[in-house]
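Asks: After the sequence you'll find the predicted model.
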Amino acid sequence: MGKLAGWLDRVAATPLADNDARWLGHGGHVESWFLRANDPAAPRALWCKLTMLAPQQGQPVAEAWAIAFDGDRTLGLRATVPLVEARLGHASAGLRVGGCRMSLDDAGGAAVGEITAD
């Protein structure tokens, strides 16, 4: 495990504050937090992402993304809420967008959608 073990030690030693939001309240800013689970034995994966987007003009929003990969099929779902309805600040306290939550030791929520073919 050599190199991987060294990398894991460095990640584990990272201060929790390194994962906190850095937005200072100005437009023109985007931040994202990711959770990724890849199946090492098959072409399957689940990616979850919480994003804060503060455009140059307009109201800032928060988005929850769920993307599932299964061989040649991909399903992506997104929920968008006004930033004031989200909790994106201290990662150690947990981040929340709509019904999705993510922290350094837990994640959960729901994504609803379907795959259709034309």
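Replies: Arrived safely. Quick caveat, the model's predicted, so the values are computed rather than measured.

Asks: Could you use CA atoms for every contact and neighbour count after this?
Replies: OK.

Asks: Counting neighbours, what do you get for Gly98?
Replies: 17 (other CA atoms under 10 Å).

Asks: so what pLDDT did it get?
Replies: In this model, Gly98 is scored at 79, pLDDT.

Asks: who's in contact with it?
Replies: Counting by CA atoms under 8 Å, 6 or more residues apart in numbering, Gly98 touches 64, 79-81, 85-86.

Asks: Turn these into TSV, including secondary structure, distance to Ala45 and neighbour count.
Replies: Below are those laid out as TSV (DSSP: H, G, I helix; E, B strand; the rest coil; distance: CA to CA, whole Å; neighbours: other CA atoms under 10 Å):
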residue	secondary structure	distance to Ala45	neighbour count
Ala64	strand	17	26
Ala79	strand	20	16
Thr80	strand	22	16
Val81	strand	25	15
Glu85	helix	29	12
Ala86	coil	26	21
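
Asks: export the residues you listed to CSV and tack on pLDDT?
Replies: Shown next, in CSV, are these (pLDDT from 0 to 100):
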residue, pLDDT
Ala64, 87
Ala79, 86
Thr80, 90
Val81, 90
Glu85, 87
Ala86, 84
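
Asks: quick check, nearest of the residues you listed to Ala42?
Replies: Nearest to Ala42, judged by CA to CA, of those is Ala64 at 25.5 Å.

Asks: ok, so of the contacts of Gly98, who is nearest Met102?
Replies: Ala64 (10.1 Å).

Asks: check contacts around that closest one.
Replies: So Ala64 contacts 48-51, 78-80, 97-98, 100 (CA under 8 Å, 6+ apart).

Asks: Alright, I will stop here.
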